[in-house]
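Undergrad: Turn this into a model:
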Amino acid sequence: MSEPQGSEGTTQRLPVIEKAEPALGQSASAAAYEPRPGADGEDGRTRRFWSARRVPAAVAATLLLVLSGLFLYDIAAVRAGRQAMYWRRELARQLAGRPLDDVWVLVGAGVAAALGLWLIVLAATPGLRAVLPMRRTHPDVRAGLDRSAAATVLRDRAMEVSGVQSARVRMGRRRADVRAVSHFRELDDVRADLDDVLADAIRALGLSRSPALSVHVRRPGRKG
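TA: Residues are numbered from 1 along each chain as shown. Down below sits the predicted model:
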């Protein structure tokens, strides 16, 4: 038997390209993208839930009731021929004698402005940042999903991917950040599977505004 001869009668071995290992002996892979367009009603038009804010409302109502009651009582007493209360006479004297650039006047004005700004922010913002609004399948029904529950669902789905040893999910209103540790398989393959599985999981949550997905995969750190 004769061996096949090449053009020059010799057999050359093809070069092997090895993947360079990153620093510190760990590898990482990440993917970040915007979610695919969903079905009708999945365009994020559903508004967030508004918080009742019972504690700030109760505190503000109680303070206003007490102050207005004191002023009304004192005014009625003065109209009846009695002297005004000491605190009101002292307050009027202090306001009349202190200049506008006095430290206590500035401090009082700053506190009043901060409280007013706080009340305006509470009145103008919806609150309940931990509740993610869901798509409305019925015009009379609104549903919401807690962010921690959504993060638990995504973490459980991530743990089902082959090669994932552990996973940690941070769920926000606009982005879901997934960090996984893979102890076998290629990182790019694990990340690609996580992309597909988690994208389907986010769509299955039924949120009115699907968050963007950011996936990071790395090897476990060395022990010792």
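Undergrad: which secondary structure elements does the top helix by length along the chain contact?
TA: As assigned by DSSP state H, the longest helix anywhere in the chain is helix 54-79. Under the contact definition 3 or more Cβ pairs under 8 Å, 6 or more residues apart in numbering; DSSP states H and E, helix 54-79 sits against helix 103-124. Glycine gets a C-beta too; all of them are placed from N, C-alpha and C.
Undergrad: give the contact list for the residue positioned nearest the centre of the chain.
TA: Nearest to the geometric centre of the chain sits residue 172, at 3.6 Å (Cα atoms, centre = their mean). Contact analysis of residue 172 by Cβ atoms under 8 Å, 6 or more residues apart in numbering lists 147, 211.
Undergrad: wait, what's in contact with residue 87?
TA: Neighbours of residue 87 in contact, by Cβ under 8 Å, 6+ apart: none.
Undergrad: quick one: it from residue 106, how far?
TA: 21 Å (Cβ to Cβ, to the nearest Å).
Undergrad: Now do the strands in the chain.
TA: With DSSP state E, the ranges of strands along the chain come out as 28-33, 131-133, 144-146, 164-171, 175-182, 212-218.
Undergrad: Residues in a beta bridge with residue 180, which ones?
TA: residue 167, residue 217 (DSSP bridges).
Undergrad: Surely it touches residue 195?
TA: No - counting by Cβ atoms under 8 Å, residue 180 does not reach residue 195; the two are 11.2 Å apart.
Undergrad: Mind checking which of these two has more residues around it?
TA: Neighbour count, other Cβ atoms under 10 Å: between residue 180 and residue 195, residue 180 has more, with 25 against 16.
Undergrad: what's near enough to touch that one?
TA: By Cβ under 8 Å, 6+ apart, the neighbours of residue 180 are 158, 161, 164-168, 190, 194, 215-218.
Undergrad: do that again at 6 Å, thanks
TA: Residues in contact with residue 180 (Cβ atoms under 6 Å, 6 or more residues apart in numbering) are 158, 164, 167, 217.
Undergrad: ok, now residue 198?
TA: Counting by Cβ under 6 Å, 6+ apart, residue 198 makes contact with 154, 213.
Undergrad: what pLDDT does it get?
TA: Residue 198 carries a pLDDT value of 94.
Undergrad: ok, so what distance separates it from residue 148?
TA: 17 Å.
Undergrad: Nearest spatial neighbour of residue 105, chain-adjacent residues omitted?
TA: Distances taken as Cβ to Cβ, 6 or more residues apart in numbering place residue 98 nearest to residue 105, at 5.6 Å, with adjacent residues excluded.
Undergrad: from what I can see residue 213 touches residue 176, true?
TA: Yes - using Cβ atoms under 6 Å, residue 213 makes contact with residue 176 at a distance of 5.4 Å.
Undergrad: Between those two, which has more neighbouring residues?
TA: Ranked by neighbour count (other Cβ under 10 Å), residue 213 and residue 176 place residue 176 first, with 25 against 21.
Undergrad: Cool, thanks, signing off.
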